[in-house]
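Q: sequence and predicted structure below; questions after.
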Amino acid sequence: MDIRQITPNYFVAPQLDPADMADIAAAGITTIISNRPDEEVPPPLQAEAIEDAARAAGLGFVRLPLTHQTMTPPNVAAQMEHAATAGGPVLAYCASGTRSTVVWCFGQAGEMATDDILNAARAGGYDLENLRPTLEAIAQAKNSA
């Protein structure tokens, strides 16, 4: 299990295993957000199996599968809402943790300085400098609305 901290309350990870849930709960995480579509993994690692194990460990669980095509403003807003209302630290996961970090970055655009967003992602092990133009465009659109 490779949990990476992006903020004090937002963590990301590559694919989780049901056996990881007790350790995740012991680490203080309160909610798991699955950003991985079930089509990408075999049944033992699909959302239902992870959710059952998470709930058995006392964790909240949210399904929000993301792909490049579904990384839409409504899904970004949903991710941010789930994270904000979780009542404690969340752990979002996908194949490598990148999508879960990208969606956080998009959600922070216009709320934080672009450099701060990219530095937080970098501190978690994700160099997403290539997102700078997109983050700046999202921030500009939010600020002009």
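A: Arrived safely.
Q: run the chain-centre distance for the worst-scoring helix or strand of the chain on mean pLDDT.
A: The helix or strand of the chain with the lowest confidence, counting by mean pLDDT, DSSP states H and E, is helix 132-144 at a mean of 91. Its chain's average C-alpha position is 20 Å from that of helix 132-144, according to Cα atoms, centre = their mean, to the nearest Å.
Q: so which bits of that helix are buried?
A: Under the neighbour-count criterion of 16 or more other Cβ atoms under 10 Å, helix 132-144 has 135, 138-139 buried. Yep, even glycine has a C-beta here, placed from its N, CA and C like the rest.
Q: residue 127 and residue 119 touch, don't they?
A: No. The criterion here is Cβ atoms under 8 Å, and residue 127 misses it with residue 119 at 10.6 Å.
Q: of those two, who's got more company?
A: Neighbour totals were compared for residue 127 and residue 119, and residue 119 leads with 12 against 9 (other Cβ atoms under 10 Å).
Q: which secondary structure element contains the more buried one?
A: Assigning secondary structure by DSSP states H and E places residue 119 in helix 114-123.
Q: which helices and strands does the least confident helix or strand of the chain pack with?
A: The elements that helix 132-144 packs onto, with contact taken as 3 or more Cβ pairs under 8 Å, 6 or more residues apart in numbering; DSSP states H and E, are helix 98-108, helix 114-123.
Q: looking at those helices, which is nearest to residue 22?
A: Checking the helices and strands packed on helix 132-144 against residue 22 by Cβ to Cβ gives helix 98-108 as the closest, at 21.1 Å.
Q: quick one: the strands in the chain, in order.
A: In order along the chain, the chain carries the following strands (DSSP state E): 4-7, 10-13, 31-34, 60-63, 90-93.
Q: which elements pack onto the last one?
A: If I follow you right, that is strand 90-93. By 3+ Cβ pairs under 8 Å, 6+ apart, strand 90-93 packs against strand 10-13, strand 31-34, helix 73-84, helix 98-108.
Q: how much space between residue 106 and residue 11?
A: Counting by Cβ to Cβ, to the nearest Å, the separation of residue 106 from residue 11 is 17 Å.
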